[in-house]
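Chemist: Here is a sequence with its predicted model. Questions after.
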Amino acid sequence: TKPTPEEVRGWAQSFDKLMKSPAGRNVFREFLRTEYSEENMLFWLACEELKSECNKHTIDEKARIIYEDYISILSPKEVSLDSRVREVINRKMQEPSSHTFDDAQLQIYTLMHRDSYPRFLNSAIYKSLLQSLSRSSSES
């Protein structure tokens, strides 16, 4: 579904609004792809999915995949985390839970908020979406 002009303007008011909106996440992810940092959003989404999981076997499996895809230094999609958070994850991976990556997820969320979000609001992707929606709503 297409976001409303009000919704898109709301994304500029708060990063949380942007991240709570599926359409917002998609547009932001498109922007991150242009900055070669899409893995931050993919990691964040994988963590959200893991948190909603209850089955122990599935949690183990998903945690292992997230670790291999985004935490392992061998991964081409490795996210940028400090050493303290990496140590915590390495410890928690002995007995993964749906919250194994909470610290890392918060760190990546904060990174996207401080670093990518201000550039997103000034990007052609965001501005042209806002313009096209404003135009089509004023025509209707």
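Modeler: In hand now; what should we look at? Numbering: from 1, shown residues only.
Chemist: and the gap between Asp115 and Tyr36?
Modeler: According to CB to CB, to the nearest Å, Asp115 stands 13 Å off from Tyr36. (Glycine included, C-beta is placed from N, CA and C.)
Chemist: Pick out whichever of these two has more residues nearby.
Modeler: Asp115 (14 against 7; other CB atoms under 10 Å).
Chemist: which residues are contacting the helix or strand containing Gln131?
Modeler: Using DSSP states H and E, Gln131 sits within helix 124-139. Applying CB atoms under 8 Å, 6 or more residues apart in numbering, the set of residues contacting helix 124-139 from outside is 2-5, 8-9, 11-12, 27, 30-31, 34, 120.
Chemist: I figured Phe101 hits Leu50, correct?
Modeler: Yes. At 6.8 Å, Phe101 counts as touching Leu50 under the criterion of CB atoms under 8 Å.
Chemist: who has more neighbours, the two?
Modeler: Phe101 (31 against 23).
Chemist: Next one: that one, what pLDDT does it get?
Modeler: Reported pLDDT at Phe101 in the predicted model: 98.
Chemist: Not counting sequence-adjacent ones, nearest residue to it?
Modeler: Cys47 (4.8 Å; CB to CB, 6 or more residues apart in numbering).
Chemist: how near is Arg119 to Glu49?
Modeler: To Glu49, Arg119 is 26 Å away according to CB to CB.
Chemist: Any chance you could spot the residue sitting in the middle of this protein?
Modeler: Geometric centre of the chain, nearest residue: Met41, 2.6 Å, by CA atoms, centre = their mean.
Chemist: For it, which non-adjacent residue is closest in space?
Modeler: Closest to Met41 by CB to CB, 6+ apart is Arg29, at 4.5 Å.
Chemist: following the helix or strand where that neighbour lies, which helix or strand shows up next?
Modeler: If you go by DSSP H and E, Arg29 is part of helix 22-34. The C-terminal neighbour of helix 22-34 among helices and strands, as given by DSSP H and E, is helix 38-51.
Chemist: Nice, that's everything, thank you.
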